[in-house]
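[1] Attaching a predicted model along with its sequence, questions to come.
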Amino acid sequence: MATKDTLQIELQFSGGMELLFDNQKTIQADVPAFFPIVTKDTDTNQQERHAATIRDLIAWTSIELLKERPELFIGDDGSVRAGILVLINGADWELEGELEYELQDKDEIVFISTLHGG
Amino acid sequence: MHLTNTADTTVHAHQHTQTQPEVGVKSSKGTKPLRNPCNLCQSVRAILKRPKTGQQLCKECFYHVFETEIHNTIVDNKLFKKGDRVAIGASGGKDSTVLAYVMKLLNDRYNYGLDLVLLSIDEGITGYRDDSLETVKRNRDQYQIPLLIISYKDLYGWSMDDIVKEIGRKNNCTFCGVFRRQALDRGAIMLNVDHIVTGHNADDIAETVLMNILRGDLPRLQRCTSIITNDTSDDASGIETSKILRSKPFKYTYEKEIVMYAYFKKLDYFSTECIYSPNAYRGYARVFLKELEAIRRTAIVDIIHSGEALSASVQANESTKLPTMTNCTRCGYISSNELCKACLLLEGLNKGLPQLGIGHTTKIRRIHEAAANVAEGLSLSSTSLLSPTTALSGNGAESATVVTAVASSSTSSTLEERGKTVTHIKDLARLETMPSLQTTS
Ligand SMILES: [Zn+2]
Ligand SMILES: [Zn+2]
């Protein structure tokens, strides 16, 4: 398994998405490499961990980086809001496993909003 | 003669101009075996899954398919004739930016022989339209297409900022919508174009179909589903139309592909929502459609087809009672009433009664009767967009209106005279000094 605790991920925002992130088009983020597996036994100190996925990244980004109106970024299902396009290293995330894609160090993740007027 | 499909448009793998391998995901990680090969060329990594077909394509094959489909739409629907002068309605947003780029590219590639111009409307919204117009100006330079910008302030004496100051944020979209439609037509007349193309895409059209069904607005349902409109016959409830053709070359183009195309081509577009228009209704329709699409891939196209089928049956039923189109007695714009909607709205604004013109048709009719008296002395129109013969086709009940229209119609509708129909402007001289074509600076 990876030895690092964090992954260096380049996040890019465009198509209006950047407005939710203080107008930053690119953010170099240190994202946790592992996230706890949420189980019913929340008491257990010894929590199981899993490698970070895009699903984790979306939740983490909306907590750590998002500046306003989270409902324009994250949906109730923990995915991005319908109409936001995601690219993983230059390719449509639909080709890469979408939410279940496991993040790799130095990945480049792009979020593009399509919801703004044309 | 319409443009014909002379070029080989079969979708096939073609020569990749860039030989730089995109095979490895990232050079820093070393070369991986080719994952997700393109369904067409099989030799390059796919970067897009098509919403329409589920096909996965590499960048070059995507460009080829995207452009070719739009070309086919243009040819199959006979949108243009060789030599047409075509205005691209340009807002600086993603759709019209990609439209301008693709129209220019296809015009060159397939020798359409079109004379392209950009036409932008400046609604006068500080912090929104002023910024997006800068994008349009860059597009003018990047694509070498001349640009005309027409402002509400010049045309109507009111900018949207002024209007919102006067009426607040409620209903301001009504003003903006009515004013924009006329402004585009008037711009098209000034530019002497035959045709306006707009960037409405398949997703937009599906949303509009849904909204019109929910509102029970069948005339608008019909308009929004037609790929090309020019006739006055489809107007059954006071939607103003003109003789200038309008079409939507992106009718079958998905928003996702437009955005991906703009992203990969690094096209320069502006993406901020209008500050006056959260447009919650459309927003819900949009999110609803996107969610439907996630479950049923064909949702967008299915809804467009439903809209087309419904409007076809509406047309069949309503064909016997078409409204008589005449000309606005004040400004000469084509209208089914004595005053066109823009003049009615303006009258309300200028009198400090902005509710005038908003609401139900019967109410508007009553106001019209009152307004007609005012209008009588004010008729400035010297010509009409409607030919006298069309105007004369009115039935007896409408004869009073028809007479007015014919009386004010000149027999020879020269271009200079057509330009003069822009009479919303209090000071006509301002029109003469309005920016003519802004070519590359
Ligand atoms: Zn390919
Ligand atoms: Zn009028």
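    Now that the structure is in, tell me what you want to look at. Ligands and ions are numbered 1, 2, ... in the order given.
[2] avg pLDDT for stretch B:156-170?
    Mean pLDDT, computed over stretch B:156-170, is 81.
[3] First-to-last residue distance for it?
    End-to-end distance for stretch B:156-170, by Cα to Cα, to the nearest Å: 20 Å.
[4] Three-state assignment for the residue of the stretch 51-200 of chain B found nearest ligand 2, please.
    Ligand 2 sits closest to B:Q182 of the stretch 51-200 of chain B, with a gap of 7.8 Å, by Cβ to the ion. For every residue, glycine as well, the C-beta is placed using N, CA and C. Assigned with DSSP: H, G, I helix; E, B strand; the rest coil, B:Q182 falls in the helix class.
[5] Would you mind confirming that it makes contact with B:C343?
    No: taking Cβ atoms under 8 Å as the definition, B:Q182 is not a contact partner of B:C343, at 9.4 Å.
[6] How about the contacts made by the nearest residue to A:I74 once chain neighbours are set aside?
    Leaving aside its sequence neighbours, A:I74 sits nearest to A:S62 (Cβ to Cβ, 6 or more residues apart in numbering or on different chains; 4.6 Å). By Cβ atoms under 8 Å, 6 or more residues apart in numbering or on different chains, the contact list for A:S62 reads A:70, A:73-74.
[7] among these, which are in strands?
    In strands, judged by DSSP state E, none of the contacts of A:S62 are found.
[8] Name the member of those residues with the most neighbours.
    Using other Cβ atoms under 10 Å in any protein chain shown as the neighbour criterion, A:F73 leads the contacts of A:S62 with 21 neighbours.
[9] a strand runs through A:I27, doesn't it?
    Yes: under three-state DSSP, A:I27 sits within a strand.
[10] Distance-wise, check it relative to B:L79.
    Per Cβ to Cβ, to the nearest Å, A:I27 is found 43 Å from B:L79.
[11] Looking at the two, which has the bigger crowd around it?
    B:L79 (22 against 16).
[12] Up against chain B, what does chain A have?
    A:14-16, A:19, A:81-83, A:85, A:87, A:89-92, A:94-96, A:104, A:106, A:110, A:112-118 (Cβ under 8 Å from any Cβ of the partner chain).
[13] give me that answer again for 6 Å
    Proximity of chain A to chain B is confined to A:15-16, A:82-83, A:85, A:89, A:91-92, A:94-95, A:112, A:114, A:116-118 under the rule Cβ under 6 Å from any Cβ of the partner chain.
[14] hmm, back to that, which among the contacts of A:S62 gets closest to B:V102?
    B:V102 has its nearest neighbour among these in A:F73, at 29.7 Å by Cβ to Cβ.
[15] Contact partners for that closest one?
    A:F73 is in contact with A:20, A:62, A:66, counting by Cβ atoms under 6 Å, 6 or more residues apart in numbering or on different chains.
[16] Same question for B:D203.
    Counting by Cβ under 6 Å, 6+ apart, B:D203 has contacts B:255, B:300.
[17] in which helix or strand would I find it?
    Under the criterion of DSSP states H and E, B:D203 resides in helix B:202-215.
[18] what about the residue of the stretch 51-200 of chain B closest to ligand 2, distance to ligand 1?
    45 Å (Cβ to the ion, to the nearest Å).
[19] can you count the residues close to that residue?
    Using other Cβ under 10 Å: B:Q182 sits among 25 other residues.
[20] can you check the one 3 residues further on too?
    Residues lying near B:D185 (other Cβ under 10 Å) number 22.
[21] Likewise for A:A91?
    23.
[22] Tell me the bridge partners for it.
    For A:A91, the beta-bridge partners are A:I88 (DSSP bridges).
[23] wait, it sits on B:V44?
    No: counting by Cβ atoms under 6 Å, A:A91 does not reach B:V44; the two are 11.2 Å apart.
[24] still on that earlier bit, and the contacts of A:F73 as TSV, adding secondary structure, distance to B:G348 and pLDDT?
    Listed next are these as TSV, based on DSSP: H, G, I helix; E, B strand; the rest coil; distance: Cβ to Cβ, whole Å; pLDDT from 0 to 100:
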residue	secondary structure	distance to B:G348	pLDDT
A:L20	helix	38	89
A:S62	helix	44	93
A:L66	coil	42	90
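[25] Alright, calling it a day.
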